[in-house]
Structure formats: structure tokens, C-alpha cells
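> starting from these lines, generate the structure:
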Amino acid sequence: MLKTLALALTTALSAPAPAQDLPAADPATLTEAGNRFLRGEGVPQDDARAAELYQLAAARGDAQAMHNLGLMYAEGRGVPQDEFIAVEYYRAAMAQGYVPAITSLGIAYAEGRGVSIEPATARTLLAKAAAAGDQRAKDYLARAGLRP
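Below is the predicted model:
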């Protein structure tokens, strides 16, 4: 498995990386490799491989990886669908101030995805993300007829 991950990282970054270097890989590098596999940029599109790389980066504290992994769990892409796990990843990323995670958690509260529906909490989170410039939060609030 470690050799497979090393090959994935090497392919995604187009730079040699011995298998033994993978455990020490920089979280941002792992997240970028995950992004490439998720989108199929320069590598075959592979949700499962993206999730593996995000999991490694998330374990090292990368907020973007935590959020992306949450989205994957919410949608069941490359991992079993589990909205409760998705919410935990959103919360972990939000604790680091990652604005897209605030939006995702706000939407979860608005729609009852992995949490109970709580309109006030949803509005608060979405307004906070919108104030920070997150376009997805602004769009969601506008579609819902709410003001940030």
C-alpha cells in the first residue's frame, strides 16, 4: 500500500519520491496531489486515491485536506458516504479558520446533513463565511432568500 501511495504522489507531482519519503511528505504537497487525482489533472481521475492522499494530509493537520475529505464523505466519492464523518471533518477544518469549511458546515445545518436542521446556526455560519468572502456562502444565502 505504501508503494502504491508513493507511486501516486510521484505521478501526481511529476517528481521522484521514494516510498520511504511518503510518511514525511509535506501536508500541502499531499493535498495538492489529492486535488490532482480528484480532478484528473495530469493523472487519471481517481477518487479513492484522492481520498487516501487527503487522509494522509488531514492526519498531519491540513485544513484544506480535512474539508475536501469531508466533501468526499458527504458525497460518497472514493469513500463510503457518511454525512456524520463529513461534519466532523468540516468542524476540524473550521477550527483552523478554513472558510470553505464554515460554508460546508453552514449548509449541513441548513439541510440537516449529518446534523439536525438548525436555521439560526446555519445562517450564522453562512453569514460568517460570506463576510470572509466565500462566494459559495453568498450564493447559498441568496438562493435561500437570506441576507448575510
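
> where does this structure dip in pLDDT?
Scanning the chain for pLDDT under 70 picks out 1-24, 147-148.

> could you pull out the helices in it for me?
Counting by DSSP state H, residue ranges of the helices within the chain are 2-13, 27-39, 47-59, 63-75, 83-95, 99-111, 119-131, 135-143.

> quickly note the distance from the closest residue to Ser116 other than its chain neighbours to Ala144.
Distances taken as C-beta to C-beta, 6 or more residues apart in numbering put Tyr109 closest to Ser116, at 8.0 Å, once the chain neighbours are dropped. Glycine gets a C-beta too; all of them are placed from N, C-alpha and C. Relative to Ala144, Tyr109 is positioned 12 Å away (C-beta to C-beta, to the nearest Å).

> okay, the two: which has more neighbours?
Using other C-beta atoms under 10 Å as the criterion, Tyr109 and Ala144 rank with Tyr109 on top: 22 against 14.

> can you pull the contacts of that one?
Shown in contact with Tyr109 (C-beta atoms under 8 Å, 6 or more residues apart in numbering): 115-119, 121-122, 125.

> how about Leu38?
Contacts were defined as C-beta under 8 Å, 6+ apart; by that measure Leu38 touches 45, 47, 50, 68, 77.

> cool, thanks, talk later.
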